[in-house]
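K.L.:
What follows is a predicted structure for the sequence shown.
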Amino acid sequence: MSAIFPLTKMNNKSVDVSNFYNKKIGILGGGQLGKMLCVSATNLHLDISVLDPSSDCSAAFVCKKFYSGNLSDYDAVYRFGQSVDIITIEIENVNTEALMKLAEEGKVVHPAPHALHIIQDKGLQKEFYSRNNLKTSSYIICENKKEVQEQINNGLISFPFVQKSRKAGYDGKGVAVINSSVDLHKLMETPCVIEQKVNIQKELSVIAVRDVLGNVSCYAPVEMIFDELANLVKYLLCPAQISETIAKKAIVLATETINAFDIVGILAVEMFLDENNELLINEVAPRPHNSGHHTIENTFTSQYEQQLRAILGLPLGSVKTIMPAIMLNILGEPGYNGAAKYLGIEKCLEMEGVKIHLYGKSETKSYRKMGHVTILDTSLESAKQKAEYIFAHLKVIA
């Protein structure tokens, strides 16, 4: 069983939250993360509104009010923000200028727009880590493909390296792995960050949460295993198969990072554990995260409930792990594009400890996230046996 990482008390102050249930909460983004936030909010009968470009989005069916609008559009975000008391996000690609204006006018915005502005840009993220002495891999910022090639010719960039688009990358998009000159055709024509490729032992994630008083709590680190073709998480293990010493260091790094950003709410801190047992920050996400889905079933307080507690000024809940878990993403089968059809669900549900979450996306595409499965068991080895069956039999086709 993993260690427990309890609440870190920063002060003894308190906040008057007696009227929290009358607050109107607005979520920018209506994908699966927004849906799970809305579902969690029903336990406290909270008033949740969602803004998303698609009226068919996952959260549209479970929120109290739905508004259709472009998340990058200043006017759409500003008007939506005026209709609620507290604004949060489930996706980073939103208009931060509108959020800054709303904050100036007294609306509560979490994460803070200045932090979100930095996190939206991977170049600004890297510079932030450097300024705040937060360990990350070495990097160079380039404006375009031509500049990347010039830096290679000048010897400032060496193979292998990873090119990341500074903005709008997600779920493996906006990332090119360049192992040698043979891969240079993969270079993207975009402002980017070039990172020296790290010799990775494991990829880890720590979900940190911080309340309005500065108290920080962290979930046990998880180990992420990636689908090499899709370049996104295939499944994760909780607890991560790492030493207690490394787990504690990961918790410290996540705590330092969320404090540096001064974020209220969730911050997912993705890390590399390199071959020298050093931890390096890869990226962060200031919202509930794919690497925290398992917390719905395997901890006392899910990441979604924690996000709501934090932005409402309520006490943070326990992050204690109840039992080991594996979370696997349900991805659209490659080669299929169209109305989603699910195969094998009935047999998977016959197994003890298997919890299936479907996101309600009507259309499937190759490697699109269509849902996830959390497998609870007394040991990770037993859970892995069930995971192998699910990988083989649970399919999404068109």
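P.N.:
Cool, got the structure.

K.L.:
what's the burial count for residue 238?
P.N.:
The number of residues packed near residue 238 is 27, by other C-beta atoms under 10 Å. Where you see a C-beta, it was placed from the backbone N, CA and C, and this is true even at glycine.

K.L.:
Nearest residue to residue 116 in space, please, no chain neighbours.
P.N.:
What sits nearest to residue 116 in space, not counting adjacent residues and going by C-beta to C-beta, 6 or more residues apart in numbering, is residue 96, at 5.5 Å.

K.L.:
what does the model give the one you found for pLDDT?
P.N.:
At residue 96, the model reports a pLDDT of 98.

K.L.:
right, and it touches residue 118 too?
P.N.:
No - the criterion here is C-beta atoms under 8 Å, and residue 96 misses it with residue 118 at 9.6 Å.

K.L.:
Contacts only, for the most centrally placed residue in the chain.
P.N.:
Residue closest to the average C-alpha location in the chain (C-alpha atoms, centre = their mean): residue 289, at 2.6 Å. For residue 289, the contact set (C-beta atoms under 8 Å, 6 or more residues apart in numbering) comprises 33, 205, 207, 266, 268, 303.

K.L.:
make it 7 Å
P.N.:
207, 266, 268 (C-beta atoms under 7 Å, 6 or more residues apart in numbering).

K.L.:
Ok, residue 274 next?
P.N.:
By C-beta under 7 Å, 6+ apart, the neighbours of residue 274 are 198-201, 280.

K.L.:
could those go into CSV alongside distance to residue 240?
P.N.:
Below are those laid out as CSV (distance: C-beta to C-beta, whole Å):
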residue, distance to residue 240
198, 17
199, 18
200, 13
201, 11
280, 15
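
K.L.:
Quick one: buried ones out of those?
P.N.:
With neighbours counted by 16 or more other C-beta atoms under 10 Å, the contacts of residue 274 contain buried members at 198, 201, 280.

K.L.:
rewinding a little: around the residue nearest to residue 116, how many other residues sit close by?
P.N.:
Around residue 96 there are 23 residues (other C-beta under 10 Å).

K.L.:
is it true that it touches residue 114?
P.N.:
No - at 8.1 Å, residue 96 and residue 114 do not qualify as touching, with contact defined as C-beta atoms under 7 Å.

K.L.:
tell me which element residue 78 falls in.
P.N.:
Per DSSP states H and E, residue 78 falls inside helix 74-82.

K.L.:
The helix or strand following that helix: partners in the sheet, and parallel or antiparallel?
P.N.:
Scanning forward in sequence from helix 74-82 by DSSP H and E, the next helix or strand is strand 86-89. Using DSSP bridges, the strands paired with strand 86-89 are strand 24-28 (parallel), strand 108-109 (parallel).

K.L.:
which residues sit against strand 86-89?
P.N.:
Here strand 86-89 makes contact (C-beta under 7 Å, 6+ apart) with 23, 25-29, 81, 99, 102, 107-110, 265, 287, 307, 311.

K.L.:
Off-centre distance for stretch 162-175?
P.N.:
Distance of stretch 162-175 from its chain centroid, counting by C-alpha atoms, centre = their mean, to the nearest Å, is 14 Å.

K.L.:
what comes up buried for that stretch?
P.N.:
Using 16+ other C-beta under 10 Å as the test for burial, stretch 162-175 gives 162-167, 169, 171, 174-175.

K.L.:
go on, stretch 31-46?
P.N.:
Residues of stretch 31-46 classed as buried by neighbour count (16+ other C-beta under 10 Å): 31-41, 46.

K.L.:
Would you mind writing the CA trace of it as PDB?
P.N.:
Output of stretch 31-46 as PDB, limited to C-alpha atoms (Å, rounded to 0.1, in the frame of the first residue of the first chain):
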ATOM      1  CA  GLY A  31     -15.400  17.600 -22.100                       C
ATOM      2  CA  GLN A  32     -15.100  14.500 -20.000                       C
ATOM      3  CA  LEU A  33     -13.300  16.400 -17.200                       C
ATOM      4  CA  GLY A  34     -16.100  19.000 -17.100                       C
ATOM      5  CA  LYS A  35     -18.600  16.100 -17.000                       C
ATOM      6  CA  MET A  36     -17.000  14.500 -14.000                       C
ATOM      7  CA  LEU A  37     -16.800  17.800 -12.200                       C
ATOM      8  CA  CYS A  38     -20.500  18.200 -12.700                       C
ATOM      9  CA  VAL A  39     -21.200  14.700 -11.500                       C
ATOM     10  CA  SER A  40     -19.200  15.400  -8.400                       C
ATOM     11  CA  ALA A  41     -21.000  18.700  -7.800                       C
ATOM     12  CA  THR A  42     -24.400  16.900  -7.600                       C
ATOM     13  CA  ASN A  43     -23.400  15.500  -4.100                       C
ATOM     14  CA  LEU A  44     -23.500  19.100  -2.800                       C
ATOM     15  CA  HIS A  45     -26.300  20.100  -5.100                       C
ATOM     16  CA  LEU A  46     -24.100  22.900  -6.600                       C
END
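
K.L.:
That'll do, ta.
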